[in-house]
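Asks: The amino acid sequence is not available; the structure is as follows:
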């Protein structure tokens, strides 16, 4: 059995102040969908993408932006940041841009295989809150390649999970919860409020 802590959009809250020690102690590794911007070190190995508010990314996150990586016997791929139409935006206060062009992302994803985890900071189109202002390229990849799990940050809305075909889509930080514990191989998804050691 494997337990994975799934987080996003913690912003300036240190992870250890949100997740109780007894849960952290039993986690095998962490998946982050971005916006852990104060550059705190992760308490366990972490894999994922940066968000649009991450300022000076440190070395504690194994990044999968625009690439596929094998890790713990599974495959991971992701897209960091948010979208900016077709004109790239750069904030001079940050050492790197976390903004993506939809056309570039579409061209990348069209040639990628199915993965275990597809992780993005921005959400796919028509997902969770069902608004149609997300990435159509993300949605097309999920529909076509059917990753086992899709994890999206940047989405503080009340939908916890949904299915797109056989893909389990997870919103790790909504209005009423703060993080997720995913248990494999059962594919059990549990949602937690900060400071509590029992799922809601």
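Replies: Here it is on my side, so go on. This structure is a prediction, so every number in the text was calculated from the model and none was measured.
Asks: okay, now residue 176: neighbour count?
Replies: By the measure other CB atoms under 10 Å, the count of residues near residue 176 is 10. Yep, even glycine has a C-beta here, placed from its N, CA and C like the rest.
Asks: scratch that, residue 190 is what I was asking about
Replies: With other CB under 10 Å as criterion, residue 190 counts 17.
Asks: And for residue 150?
Replies: Residues near residue 150, counting by other CB under 10 Å: 27.
Asks: Next secondary structure element downstream of the helix or strand it falls within?
Replies: Here residue 150 is covered by strand 149-152, with elements defined by DSSP states H and E. Toward the C-terminus, strand 149-152 is succeeded by strand 161-164 as the next helix or strand (DSSP H and E).
Asks: neighbouring strands for that next one, and are they parallel or not?
Replies: strand 167-170 (antiparallel) (DSSP bridges).
Asks: if you average pLDDT over the partner strand, what comes out?
Replies: If you average the pLDDT over strand 167-170, you get 96.
Asks: Give me the most central residue, this protein.
Replies: For the chain, the residue sitting closest to the mean C-alpha position, by CA atoms, centre = their mean, is residue 33 at 2.5 Å.
Asks: Show me what the strand holding residue 150 is in contact with.
Replies: Contact with strand 149-152 is made by 6, 8, 31, 33, 48, 116-124, 127-128, 138, 142, 164, 167-172, 182, as judged by CB atoms under 8 Å, 6 or more residues apart in numbering.
Asks: For this protein, which segments count as strands?
Replies: With strands called from DSSP state E, the chain shows them at 2-7, 29-32, 46-48, 61-63, 68-71, 74-79, 82-83, 99-100, 117-120, 149-152, 161-164, 167-170, 179-184, 188-192.
Asks: So for residue 20, which of these sits nearest?
Replies: Closest approach to residue 20 among the strands of the chain (CB to CB): strand 188-192, 8.7 Å.
Asks: mind listing what's buried in that closest one?
Replies: Of all the residues in strand 188-192, those buried under the rule 16 or more other CB atoms under 10 Å are 189-192.
Asks: likewise stretch 110-125?
Replies: Result for stretch 110-125 [16+ other CB under 10 Å]: buried residues 112, 115-125.
Asks: distance between the ends of that stretch?
Replies: 16 Å (CA to CA, to the nearest Å).
Asks: Just grab the bridge partners of residue 70 for me.
Replies: Beta-bridge partners recorded for residue 70 (DSSP bridges): residue 75.
Asks: State the number of residues packed around the closest residue to residue 18 other than its chain neighbours.
Replies: Nearest residue to residue 18, sequence neighbours excluded (CB to CB, 6 or more residues apart in numbering): residue 194, at 4.2 Å. With neighbours defined by other CB under 10 Å, the count for residue 194 comes to 13.
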